[in-house]
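# here are the coordinates; sequence isn't available:
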């Protein structure tokens, strides 16, 4: 291995670890913000770290079978594979994004989710299966506006390369895709609501309806791995969206702030709206966001 | 040695042995597998290489056959899938009433397909086409299903309509050229409007075989009611004959000329005809997927999934660029692999349990581990998840469509491929995961022959995921013969960096990265596993304190995606199948009315004769 590839590997590993820590901090902050909105104080900032360390040091695995044991590992694999294809910056910080373009990222994202769904299935809890069915249906919903926005972006930039799309937005806010092509940006932001799974669209794990759904049968180390993957995945999705629509970032500090601001948006929407019924979730995404997406795409090609 | 004669001889011997040794089952099956696999080995040996063997065969200046890469690409698929299907049938068809005739007609179908793929004139092409249709129709009738006549007949009649459409086109061409040879076709003899009509009639013939919407109405019934190991072949190899036909007629024979001639009317640099083909593909993919999501019968679900997957291939042909056609050919192979595997898994499950509905099964993972692994790999390929072979199609196809600026079609296609996620999860969950029914506690694993037949394609899918370039080398050989620019590839085997004007994707490095991360995760996981593993019973789940027994219905499987059907109810109320059924009902009512003329009363007949005579007289005398 040349020094170049060793540096890249080290940077990637630190970015992965950083994403985990940052993901936990974001989750913790979101819990505190939620608490303040509901006139509570909320847990301390270190709470997710305490939870995860406690869960990792549990001495027992309770499992229903091989797929439930392997599922969380597969999920972790899928999430890390997604993460290394998303550029966090230029140079070494572009990680391994030269091995796959936007379409590859879009598809490899589903690897972890499918693994998770399989693990839930092995658990044998009907609530889990309902949660997965809801989650997949929600995905069917938000994917349409999402791909409309992404295709528009690919056509506008003449490239499916995330690095190129970020490079095209340099030089001030006016060059950001969300500002330059506002209709495409709005479509993506609406799809993001479904992607992040905050309140109006939190049907899969709906606590009062399906008893946390997919998470039901997981405890101990499984839970810890899932929490870690989830934290990473949230950060990865937001970094991708920031890169595609909000001009990327010149350094990690700016990136962290942009991610946090973008994270607040689905959070506040979620705090203001109650949960949709599943049919309404699907139809919501296939109505206005899709219509706006079609307009944006038509404007992009004509 | 004339290689075509040798192949014909080997396959005929197979056909003969299926008739002669119908009483000695084992010998018959071994001979069939030997015949098919030796033909396969022969084709692979002389695949594209220039060698001393004679590679053309003609008879009476009427029939022409040629052994070249163009045909061999599909022949390898046909024979490969046929070997697996026959192998799986060994146990599946055992002691069923239609066993003897199943093998005879199966061989007949294969021989018809091999003949049509090697043929280089329209007459033998059409004869091969008809032998294939009749053979497969007769195989469907060998199943145990009650509804086999109804759905078999529907398949046969609709296929016949396609065949007439094709025959009309062939005879129209013959009328002008006075020769059946493909190479003697000359587009300058036809006016643009004639060419357009020819293109449409020919495409209808092939789209019916490929079960493209709106000609798909035969597919769900025929796929689900034939013996399931034959369905593996039906869906895995035979439906591709429509794609082969489209290739040879649209790009090989009349196509390149015809498209050039009708090409002056264009829309986004594509002729209207090809644009329509793309949208037919998109609609097929979208609605096939939607119907598959909502199906309650596993066989029907896989049948609709086949319909949807064929849509991607039609899109690729319609796009018509190097990327698009490579995507189609790639998908022909990957779909052949995963659909064969999935149908054989299904055959094994139904063979062992006798249940065909989603809600009657569940939790079979510990009973049938090999079937579970095969299903897992197949569904991941179907959904196009990167480290496996299916993603290559998606990448090639989307990049091709975006390059051609068919962006709306791309969006709908991508939505359809997300929809595929929904039904594949339902497939694996409701068969293998979840709660096992008490009556399935002692289900044995799939028979050995079936396990081999389902796991071999799965290995192929993993291999293609890491080295898609090895298959693209062959698709390039194929495209060379129809004068399409070939896909650029690196020299080394591990050089899998695919690029086009929009993006890039490196299959080998991506696959290796995923593998490396996975291995690292497993090691990490095991290092800190000083802890005990408690494997708990399937009833040991979180139920909020409620006491559950084996009899408690705990499987969420009936109406799995109920909310999708609730949300899309207005869209789902009308269907092409309903439309065709209504037409057939009206037709039966009309026939019933006409039938009433035959009352059985002699005096009525006398009056009819009188009236007829009078009308005739008036007509001729006036």
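Now that the structure is in, tell me what you want to look at. Since the model is a prediction, treat every value here as computed from it, not as a measurement.
# How about the contacts made by residue 168?
No chain in the question, so chain A it is. The neighbourhood of residue A:168, defined by C-beta atoms under 8 Å, 6 or more residues apart in numbering or on different chains, consists of A:157, A:175. From N, CA and C alone the C-beta is placed, and that goes for glycine too.
# You answered for a different chain; I wanted chain B.
Applying C-beta under 8 Å, 6+ apart to residue B:168 gives the contacts residue B:201.
# what pLDDT does it get?
What the model reports for residue B:168 is a pLDDT of 92.
# Please apply the same query to residue A:218.
The predicted structure lists residue A:218 with a pLDDT of 82.
# do you know how far it is from chain B?
Using C-beta to the nearest C-beta, to the nearest Å, one obtains 10 Å as the distance from residue A:218 to chain B.
# low pLDDT regions in the stretch 1-150 of chain A?
Per-residue confidence for the stretch 1-150 of chain A (pLDDT under 70) gives these ranges: A:1.
# nope, the stretch 1-150 of chain B is what I was after
Per-residue confidence for the stretch 1-150 of chain B (pLDDT under 70) gives these ranges: B:48-53.
# can you give me the helices in it?
Shown for the stretch 1-150 of chain B, the helices assigned by DSSP state H, counting those that start in this stretch span residues B:3-20, B:25-45, B:69-92, B:99-118, B:122-140, B:148-177.
# show me the contacts for residue B:307.
By C-beta under 8 Å, 6+ apart, the residues touching residue B:307 are B:211, B:212, B:213, B:216, B:219, B:220, B:284, B:288, B:291, B:292.
# try it again with 7 Å
For residue B:307, the contact set (C-beta atoms under 7 Å, 6 or more residues apart in numbering or on different chains) comprises B:211, B:216, B:219, B:284, B:288.
# what's the neighbour count on the fourth one?
Think residue B:284. In terms of burial, residue B:284 registers 28 neighbours under the definition other C-beta atoms under 10 Å in any protein chain shown.
# Mean pLDDT per helix and strand in chain B: which one sits at the bottom?
Least confident helix or strand, chain B: strand B:266-267 with a mean of 48, by mean pLDDT, DSSP states H and E.
# Strands of chain B, residue ranges please.
In chain B, the strands defined using DSSP state E lie at B:56-59, B:63-66, B:266-267, B:270-271, B:497-499, B:504-506, B:532-535.
# Could you take those strands and lay them out as JSON lines, with extra columns for distance to chain A and mean neighbour count?
Listed next are the strands of chain B as JSON lines, based on distance: least, C-beta to the nearest C-beta, whole Å; neighbours: other C-beta atoms under 10 Å in any protein chain shown:
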{"stretch": "strand B:56-59", "distance to chain A": "43", "mean neighbour count": "14"}
{"stretch": "strand B:63-66", "distance to chain A": "38", "mean neighbour count": "20"}
{"stretch": "strand B:266-267", "distance to chain A": "12", "mean neighbour count": "12"}
{"stretch": "strand B:270-271", "distance to chain A": "14", "mean neighbour count": "22"}
{"stretch": "strand B:497-499", "distance to chain A": "8", "mean neighbour count": "18"}
{"stretch": "strand B:504-506", "distance to chain A": "4", "mean neighbour count": "22"}
{"stretch": "strand B:532-535", "distance to chain A": "5", "mean neighbour count": "11"}
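# among those, which is nearest residue A:41?
Closest to residue A:41 of the strands of chain B is strand B:532-535 (C-beta to C-beta; 37.3 Å).
# which helices and strands sit right next to that closest one?
Taking 3 or more C-beta pairs under 7 Å, 6 or more residues apart in numbering or on different chains; DSSP states H and E as contact, the helices and strands that strand B:532-535 lies on are strand A:60-63.
# number of nearby residues for the residue in the stretch 501-622 of chain B that chain A sits nearest to?
Of all residues in the stretch 501-622 of chain B, residue B:503 sits closest to chain A, with a separation of 3.2 Å (C-beta to the nearest C-beta). Residues contacting residue B:503 under the criterion other C-beta under 10 Å number 22.
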